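Q: Sequence below, structure please.
(one chain, ligands or ions: 2)
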Amino acid sequence: MIAGQPIFILKEGTKRESGKDAMKENIEAAIAISNSVRSSLGPRGMDKMLVDSLGDIVITNDGVTILKEMDVEHPAAKMMVEVSKTQDSFVGDGTTTAVIIAGGLLQQAQGLINQNVHPTVISEGYRMASEEAKRVIDEISTKIGADEKALLLKMAQTSLNSKSASVAKDKLAEISYEAVKSVAELRDGKYYVDFDNIQVVKKQGGAIDDTQLINGIIVDKEKVHPGMPDVVKDAKIALLDAPLEIKKPEFDTNLRIEDPSMIQKFLAQEENMLREMVDKIKSVGANVVITQKGIDDMAQHYLSRAGIYAVRRVKKSDMDKLAKATGASIVSTIDEISSSDLGTAERVEQVKVGEDYMTFVTGCKNPKAVSILVRGETEHVVDEMERSITDSLHVVASALEDGAYAAGGGATAAEIAFRLRSYAQKIGGRQQLAIEKFADAIEEIPRALAENAGLDPIDILLKLRAEHAKGNKTYGINVFTGEIEDMVKNGVIEPIRVGKQAIESATEAAIMILRIDDVIATKSSSSSSNPPKSGSSSESSED
Ligand SMILES: Nc1ncnc2c1ncn2[C@@H]1O[C@H](COP(=O)(O)OP(=O)(O)O)[C@@H](O)[C@H]1O
Ligand SMILES: [Mg+2]
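A: Ligands and ions are numbered 1, 2, ... in the order given. Purely as a prediction, here's the structure:
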């Protein structure tokens, strides 16, 4: 190296932080994220109010929603947000839990780093502990069959406990169970739940308790003409991606008419065309028409006269659901419709929901299509209800798919911590410390549950440890009385996937953050070097 000659390898303005400083900053950012959701954990956790740049408000208790709305900037913090997103997509519940565990792991790691334990050793210990923890969950779990409704309901209720929706948890748990049960498929002795078959429709107004399960599809539209029937039984449904309208010219056109009778002819012609469209639909046997496009007044009149129930301007996603549920093919040229394109349902009817009318398509050809009509007084309530129901649906589905459950309320976490401590002694060596710290990190769950319930966390943890030392594997915190009790008896149970996935993604994220000892960040303004590059490559692809 030439003495005194600095060599620049990074762009001017690039921020670089290495070694312990980089790690410390990353860990702190990640812990900050974890702390931000901590107070929302459990039945006695608080809600968060999030206000975005447009002033829109979200009130929620849902970990992943809080983090998504927070719009975090720091790269390590973003990794924590990913933890909750992963948990959300694989399990649908336990998003706060996963982030709290990840935060705990990093907090403990920081302590070890300060004692000069190398991050690689910590990572190794954490990975071993994670495997052991998942093994423990399997070992202490209890098998459950698809017909054990009472237990499946308990799991849905446990998930709903921590939400404002808990006021109606019995009913919502029942709805979640029925919905999942009716779409679940048995393949090679294993259950499989396709969430595309469960439609969740929000309608503001009414009480949370008015939320209902509908055996079919809900279209948030009313019939287009008052003369149409309110109910069509034995429905033959035409799904159209075509307007029942005469196409108007795209630009201003003048029509010069010399003879007044021409106007008459002109209008008659239009009317005829519309009548022909309706006749065509009628001729193939349809008594319900649902179109993505518009329906002209005159066509509405003819449809109504033909006793056909019609709905217009339906969302594409709803059309796809209808097609799947009723067995209809979506037709884009009315001229070409045939009776084989029609779908069937036992009943199509207009139902008044709150102030509005909706169309319910029930008893569909494919029975594996259900809808949940979510009700609540205000928009914020309905939104949070939707999130809560989605969680409990996933919980029931996970329980069916996994076929096993474990105790909640910090019980499983406490048992894992208890067993990890003896596992650590058995392993000994360099990883022992890290495995012990992993146990401490897992105990963040009962600790947070206790804190949020206004209980003394140290006192609770000591009592909890004592019970687990006695072999009371399912003892956790009764957050309402502060007693340490059998969570299975109390009905606080969870599918094993919640805990296993939370541990897995938290460990992965913690290890990933611990492996980083260098953060090199280019200034965001200098990222303008990208467009010309892509521009030149597109140029070259043109010739
Ligand atoms: N009745 C209860 N008593 C004690 N703990 C409970 C009860 N109901 C739910 N929990 C616990 O609350 C935690 C879930 O809280 P929640 O706010 O839903 O977070 P997450 O986003 O992780 O699902 C779980 O640890 C669960 O076992
Ligand atoms: Mg939850």
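Q: thinking Ile257 is in contact with Ile263, fair?
A: Yes: between Ile257 and Ile263 there is a contact at 5.9 Å, judged by Cβ atoms under 8 Å. Every C-beta, even on glycine, is put in place using the N, C-alpha and C of the backbone.
Q: residue contacts, the residue of the stretch 251-400 of the chain found nearest ligand 1?
A: Proximity of the stretch 251-400 of the chain to ligand 1 (Cβ to the nearest ligand atom) peaks at Asp391, 6.9 Å away. Taking Cβ atoms under 8 Å, 6 or more residues apart in numbering as the contact definition, Asp391 lies against Asp62, Gly92, Asp93, Ser159, Leu160, Lys163.
Q: The fourth one reaches Val91, doesn't it?
A: So the one you mean is Ser159. No: using Cβ under 8 Å, Ser159 is not in contact with Val91; the gap is 10.3 Å.
Q: Neighbour count: these two, which is higher?
A: Ser159 (32 against 26; other Cβ atoms under 10 Å).
Q: Next, the contact list for the more buried one, please.
A: Ser159 neighbours (Cβ under 8 Å, 6+ apart): Asp93, Ser388, Asp391, Ser392, Val395, Glu494.
Q: That one sits in which helix or strand?
A: Using DSSP states H and E, Ser159 falls within helix 149-161.
Q: got the residues of the stretch 251-400 of the chain near ligand 1?
A: Contact residues, the stretch 251-400 of the chain versus ligand 1 (Cβ under 6 Å from any ligand atom): none.
Q: Also the chain?
A: Counting by Cβ under 6 Å from any ligand atom, the residues of the chain close to ligand 1 are 40-43, 45, 61, 63, 93-97, 158, 161-162, 408-409, 445, 449, 477, 479, 492, 494.
Q: so of those residues, which ones are in helices?
A: Among the residues of the chain next to ligand 1, the residues falling in helices (DSSP state H) are Gly63, Thr95, Thr96, Thr97, Thr158, Asn161, Ile445, Leu449.
Q: if we look at ligand 2, which of the residues you listed are close to it?
A: Among those, no residue is within reach of ligand 2 (Cβ under 5 Å from the ion).
Q: Output those as TSV; include the columns pLDDT and neighbour count.
A: Below are these laid out as TSV (pLDDT from 0 to 100; neighbours: other Cβ atoms under 10 Å):
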residue	pLDDT	neighbour count
Gly63	85	29
Thr95	93	28
Thr96	95	28
Thr97	96	29
Thr158	95	27
Asn161	91	20
Ile445	97	29
Leu449	96	27
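Q: Turn those into a markdown table, columns for distance to Lys282.
A: Converted to a markdown table, these look like this (distance: Cβ to Cβ, whole Å):
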| residue | distance to Lys282 |
| --- | --- |
| Gly63 | 53 |
| Thr95 | 51 |
| Thr96 | 55 |
| Thr97 | 57 |
| Thr158 | 53 |
| Asn161 | 53 |
| Ile445 | 63 |
| Leu449 | 63 |
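Q: By proximity to ligand 2, which residue of this protein wins?
A: Across the chain, no residue is closer to ligand 2 than Asp93, which sits at 4.5 Å (Cβ to the ion).
Q: wait, what's in contact with that residue?
A: In this structure, Asp93 makes contact with Gln87, Ser159, Asp391, Ser392, His394, Val395, Ser398, Glu494, Val498, judged by Cβ under 8 Å, 6+ apart.
Q: ok, which stretches of the stretch 201-350 of the chain are helices?
A: Using DSSP state H, counting those that start in this stretch, the helices of the stretch 201-350 of the chain run over 260-283, 297-305, 316-326.
Q: can you tell me how far the nearest residue to Asp318 once chain neighbours are set aside sits from ligand 1?
A: Nearest non-adjacent residue to Asp318, counting by Cβ to Cβ, 6 or more residues apart in numbering: Val219, 5.5 Å away. Val219 sits at a distance of 32 Å from ligand 1 (criterion: Cβ to the nearest ligand atom, to the nearest Å).
Q: so how many other residues sit close to Val219?
A: Residues near Val219, counting by other Cβ under 10 Å: 22.
Q: Help me confirm that it comes into contact with Tyr309.
A: No: using Cβ under 8 Å, Val219 makes no contact with Tyr309, being 11.2 Å away.
Q: Find the closest residue to ligand 1 in this structure.
A: For the chain and ligand 1, the shortest gap (Cβ to the nearest ligand atom) falls at Gly408, measuring 2.4 Å.
Q: got a pLDDT number for Gly145?
A: At Gly145, the pLDDT value in this model is 89.
Q: cool, and Glu401?
A: pLDDT, read off for Glu401, is 92.
Q: if you skip the residues just before and after it, what's nearest to it?
A: Among residues not flanking Glu401 along the chain, Tyr191 sits closest, at 5.3 Å (Cβ to Cβ, 6+ apart).
Q: can you tell me the helix or strand for the nearest residue to Gln107 once chain neighbours are set aside?
A: Leaving aside its sequence neighbours, Gln107 sits nearest to Ile31 (Cβ to Cβ, 6+ apart; 5.6 Å). Using DSSP H and E, Ile31 maps to helix 19-38.
Q: And the following helix or strand past that helix, how far out from the chain middle?
A: For helix 19-38, the succeeding helix or strand toward the C-terminus, using DSSP H and E, is strand 48-51. Its chain's C-alpha centre and that of strand 48-51 lie 18 Å apart, by Cα atoms, centre = their mean, to the nearest Å.
Q: quick one: strands adjacent to strand 48-51?
A: strand 57-60 (antiparallel) (DSSP bridges).
Q: Report the contact partners of His225.
A: Contact partners of His225, counting by Cβ under 8 Å, 6+ apart, are Gln300, His301, Leu303, Ser304, Ala310.
Q: where does this structure have low pLDDT?
A: 1-3, 249, 523-543 (pLDDT under 70).
Q: ok, 50 please
A: Within the chain, the segments meeting pLDDT under 50 span 526-543.
Q: Tell me, domain by domain, which residues of it belong where.
A: Taking the TED database as the domain assignment, the ranges for the chain are 14-143+407-448+491-517, 145-215+367-402, 218-366.
Q: start to end distance for the shortest one?
A: In this case it means domain 145-215+367-402. One end of domain 145-215+367-402 sits 10 Å from the other (Cα to Cα, to the nearest Å).
Q: now swap in stretch 251-270 and tell me
A: Its first and final residues considered, stretch 251-270 spans 19 Å by Cα to Cα.
Q: Not counting its own residues, what contacts that stretch?
A: Under the contact criterion Cβ under 8 Å, 6+ apart, stretch 251-270 has outside partners Ile246, Met298.
Q: if you set the cut-off to 7 Å instead, what comes out?
A: Ile246 (Cβ atoms under 7 Å, 6 or more residues apart in numbering).
Q: Could you do stretch 66-83 as well?
A: With Cβ under 7 Å, 6+ apart as the test, stretch 66-83 has contacts from 26, 29-30, 32-34, 37, 40, 48, 50, 52, 58, 60, 84, 98-99, 102, 505-506, 509, 512-513.
Q: Now list the buried members of the residues you listed.
A: Buried by 16 or more other Cβ atoms under 10 Å: 26, 29-30, 33-34, 37, 40, 48, 50, 58, 60, 84, 98-99, 102, 505-506, 509, 512-513, out of the contacts of stretch 66-83.
Q: residues of stretch 142-155 that come out buried?
A: Ile144, Leu151, Leu152, Leu153, Lys154, Met155.
Q: Report the angle between the host helix or strand of Ser392 and helix 149-161.
A: If you go by DSSP H and E, Ser392 is part of helix 379-402. Going by axes from the mean of the first three to the mean of the last three Cα atoms, to 10 degrees, helix 379-402 is angled at 140 degrees with respect to helix 149-161.
Q: Tell me the buried residues in helix 379-402?
A: By neighbour count with 16+ other Cβ under 10 Å, helix 379-402 contains the buried residues 380-402.
Q: Kindly report the residues of the stretch 51-200 of the chain close to ligand 2.
A: Counting by Cβ under 5 Å from the ion, the residues of the stretch 51-200 of the chain near ligand 2 are Asp93, Ser159.
Q: The same query, at a cut-off of 8 Å, please.
A: Contact residues, the stretch 51-200 of the chain versus ligand 2 (Cβ under 8 Å from the ion): Asp62, Gly63, Asp93, Gly94, Thr95, Thr96, Thr97, Thr158, Ser159, Ser162, Lys163.
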